[in-house]
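A.B. asks: Make a model of this:
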Amino acid sequence: MYARRSLFVMVTIAIMVLAISLTLAARLQGVIRITNDLIHTYTALDRWVQLTDARPQDLPALNEQRRIILEYIPMALGADLQPSGPLTHFLRQSTLPLNQTGALVLKNLLIWELFECHRLQNSYSYQVNLIYGVLTLLLLAIGMVSYFMDRRAQDYPLAPFPEANSNPVFGLNYQGEIIYQNAAVGQVLRRLFGRHDQPTSLLPSDYRQRLALLRDNDVRQQIWVHSLQEHIFQHRVQLLPESDRIHVYSEDITEQEEIRGRNAFMAFHDPVCLLANRQRLEQIIDAMDDPERMLTLVMTHITGLDKVLSTEGLPALDHLARELSVRLRGAYQSVLDAEAVTPVVFRFDANLFGCVYTCELTAQQHQCLALALTATVAQPYKRKDREFFLGVQSGSATEPSSITALQLIQKANLALHALDGKVADYQLFDKTIEADIQSGYQIEYALRHAIELDELSMMYQPQQDLRTGQLIGFEALMRWHRSGSLISPVEFIPIAEKTGVIHSIGHWALRDVLQQSIDWSQMVGGSPGILAVNVSAQEFGRSDFIEDIERALADCPARPECIQLEITESLLIEGEDLAIARMHQLKKLGFTLAIDDFGTGYSSFSYLSRFPVDKLKIDRSFIVNMANGVRDEAVVAAMIDVAHQLGIKVIAEGVETEQERVKLIALGCDQLQGYLYGRPLSVPAATLFALHQQEVV
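C.D. replies: All right, here's what the predicted structure looks like:
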């Protein structure tokens with residue numbers, strides 16, 4: 001730093017001295033020019049005087065000398081370079097050509113001017129030579145400083161200005177002798193040891209052996225990291241064998257290492273609960289590549305957390321998550337012996353926790369774990385004056401540790417999702433679960449193309465009036481013919497509802513039923529009655545449901561009063577206000593409405609009084625149970641009686657025996673549907689059935 005400053009000062013002074021020398025040299029050249037002019041003038045004047053004395057009649061010669069005098073008299077004597085004023089004064093007072101007396105005066109003045117110019121030449125020459133000497137010394141000094149800095153730069157190519165470095169920088173030769181250290185070395189040594197020690201105290205204790213190993217292997221550079229006095233130092237060691245130098249650039253990286261450690265921890269742990277995350281779980285599983293060891297992965301899904309987030313906010317959810325992590329950790333560890341390896345508990349996302357065991361759990365341990373996990377959410381979570389009730393479901397998979405993490409996670413996840421829609425809260429993975437899910441995926445894929453491949457069709461099951469015995473209409477039931485086999489609606493309808501395919505299927509089914517109603521209304525015998533068609537919960541809940549119904553009527557202009565829309569009871573209970581509004585809209589369009597599977601949704605008759613329905617369908621389970629005794633028969637009788645008091649007709653579905661039909665007639669049921677009266681029929685068969693019923697009448 002000091003050498004660089006000195007070099008800058010010397011270069012500045014050299015430039016100033018050079019400028020002064022150039023100025024003096026210019027002045028010296030001006031004096032020399034004036035001196036030469038004075039000499040030419042004096043010579044011409046002396047020649048003119050001689051010619052005047054010897055040949056006054058030789059006018060050409062006299063005129064020539066007069067011209068020379070006029071040409072060389074220094075007219076610049078009035079400028080800054082004028083040595084004295086008498087000559088200038090004389091020239092301003094006299095007129096050329098001169099007489100003899102004036103010429104002699106002028107000669108004397110020119111001589112004095114020449115003496116003055118000579119004096120100035122000597123003075124300027126001395127000053128210029130002196131400045132040239134000073135400039136030479138400055139250039140030598142600049143060269144020496146530059147040479148010194150160049151050597152320093154060669155010795156420290158990685159730190160041209162090590163003295164300005166805030167980190168310790170020092171150099172030593174191959175004999176271990178210190179040849180340089182910056183100020184930061186002493187500061188760090190005093191901070192660590194309280195005294196000024198050797199810079200090598202910062203290096204590992206075996207630094208000599210390390211350096212020797214580097215020299216022997218011709219390694220030019222290496223980084224050492226070691227701990228010293230609760231600090232972590234990083235040393236960049238550079239060997240320069242061609243100049244017998246070893247340079248060390250040290251840095252206290254304690255803070256950086258702490259930050260790096262925290263970042264590394266957070267990269268593999270959940271920031272809220274500080275449990276291991278998915279990345280850490282995958283690391284643990286993939287690191288255990290021992291075919292003899294078994295791994296058990298349990299994934300636990302907590303339900304009800306969304307309500308906490310939506311009502312109390314994220315801080316409350318984080319507080320609950322931390323509380324749950326403690327409870328779950330205790331539940332996971334409760335099924336192991338005290339000497340067993342502690343399992344790793346992790347958190348996948350806001351709702352998904354889990355644990356990986358480095359062993360295979362027994363059936364009894366699985367049962368105990370299921371009870372322990374259920375107990376973690378048995379008590380409600382209290383927040384201020386509110387209580388939140390949570391639910392828990394867990395899926396478990398056990399495989400050899402040679403399995404990949406992704407495969408084990410997938411199997412545990414499949415076991416967890418196998419509980420969807422079930423009351424059970426714990427499921428072990430087996431091959432049947434995977435097969436069922438794969439089959440479901442295949443059904444979903446094929447179902448998405450069923451309409452365009454014309455694989456869907458509608459079957460029509462007849463409905464009978466119990467008072468007259470006549471046909472009153474049909475219920476449209478969907479069938480799927482795939483690759484020559486018939487797939488039951490029980491299999492594909494739940495998958496369609498779960499995946500959203502039910503929207504396109506329902507769209508097609510409604511239009512097909514409307515068109516069939518138009519076709520039957522145009523046959524010779526007239527319409528066979530009302531056609532009932534089911535509406536799924538997902539369809540009914542769509543914001544554009546009514547608009548879609550209106551578009552369907554526009555595409556297939558059937559008579560709405562001949563179409564009955566069947567809505568499941570559970571749908572009405574979940575969204576009562578929306579259901580009532582939409583049902584009134586459907587009634588305005590002219591449709592008749594029926595509640596399907598009545599009695600299975602844990603509803604009360606008070607709900608029934610608020611819905612604008614025309615028909616109540618009693619679920620088959622109640623029809624079958626009538627054979628059990630008077631109590632079950634009384635339940636059906638109550639349904640029929642309340643419905644009639646509300647002006648609603650009742651139809652019993654799934655009637656298969658004459659005994660059931662007789663009991664229903666006795667209870668006052670209006671209609672029936674079931675195998676006893678007729679199975680689901682194709683369109684041609686249903687047409688013949690309707691025509692036959694008309695002939696019988």
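A.B. asks: quick one: the strands in the stretch 51-200 of the chain?
C.D. replies: Applying DSSP state E, counting those that start in this stretch to the stretch 51-200 of the chain gives strands spanning 169-172, 178-181.
A.B. asks: Distance check, the residue nearest in space to the middle of the chain against residue 279.
C.D. replies: For the chain, the residue nearest the mean C-alpha position is residue 267 (13.7 Å; C-alpha atoms, centre = their mean). As for residue 267, its distance to residue 279 is 7 Å (criterion: C-beta to C-beta, to the nearest Å). No exception for glycine: its C-beta is placed from N, CA and C like everyone else's.
A.B. asks: which other helices and strands contact the lengthiest strand in the chain?
C.D. replies: As assigned by DSSP state E, the longest strand anywhere in the chain is strand 471-482. Packing contacts for strand 471-482, counted by 3 or more C-beta pairs under 8 Å, 6 or more residues apart in numbering; DSSP states H and E, involve strand 456-465, strand 485-487, helix 489-499, helix 502-521, strand 530-535, helix 683-696.
A.B. asks: before we move on, back to that, what about the strands of the stretch 51-200 of the chain, which gets the closest to residue 340?
C.D. replies: Each of the strands of the stretch 51-200 of the chain has some distance to residue 340 by C-beta to C-beta; the shortest is strand 169-172, at 53.6 Å.
A.B. asks: Restricting to C-alpha, output the closest one in PDB.
C.D. replies: The C-alpha trace of strand 169-172 is given here as PDB (Å, rounded to 0.1, in the frame of the first residue of the first chain):
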ATOM      1  CA  VAL A 169      -2.200 -13.700   4.700                       C
ATOM      2  CA  PHE A 170       1.400 -14.900   5.200                       C
ATOM      3  CA  GLY A 171       4.200 -16.500   3.300                       C
ATOM      4  CA  LEU A 172       7.000 -18.800   4.200                       C
END
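A.B. asks: name the helices or strands packed onto that strand?
C.D. replies: On a contact count with 3+ C-beta pairs under 8 Å, 6+ apart, strand 169-172 meets strand 178-181, helix 183-193, strand 245-252.
A.B. asks: what angle do the second one and strand 245-252 make?
C.D. replies: By that I understand helix 183-193. With axes from the mean of the first three to the mean of the last three C-alpha atoms, to 10 degrees as the basis, helix 183-193 and strand 245-252 are set at 50 degrees to each other.
A.B. asks: most neighbours per residue, which of the helices and strands packed on strand 471-482?
C.D. replies: By mean neighbour count, with neighbours taken as mean count of other C-beta atoms under 10 Å, strand 530-535 ranks first of the helices and strands packed on strand 471-482 at a mean of 22.
A.B. asks: Only C-alpha atoms, please: export that one in CSV.
C.D. replies: Extracted as CSV, the C-alpha positions of strand 530-535 are listed here (Å, rounded to 0.1, in the frame of the first residue of the first chain):
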residue,chain,number,x,y,z
ILE,A,530,-92.1,-40.9,-17.0
LEU,A,531,-88.4,-41.6,-17.5
ALA,A,532,-86.3,-41.3,-14.4
VAL,A,533,-82.6,-40.5,-14.6
ASN,A,534,-80.0,-40.1,-11.8
VAL,A,535,-78.1,-36.9,-11.2
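A.B. asks: about what we covered before: would you mind listing the buried residues in the longest strand of the chain?
C.D. replies: Buried residues in strand 471-482, counted by 16 or more other C-beta atoms under 10 Å: 471-480, 482.
A.B. asks: Return the member of those nearest to residue 202.
C.D. replies: residue 482 (77.5 Å).
A.B. asks: quick one, phi/psi of the closest residue to that closest one other than its chain neighbours?
C.D. replies: Using C-beta to C-beta, 6 or more residues apart in numbering and skipping the chain neighbours, the partner closest in space to residue 482 is residue 455 (5.6 Å). Main-chain torsions, residue 455, degrees, to the nearest 10: phi -90, psi -10.
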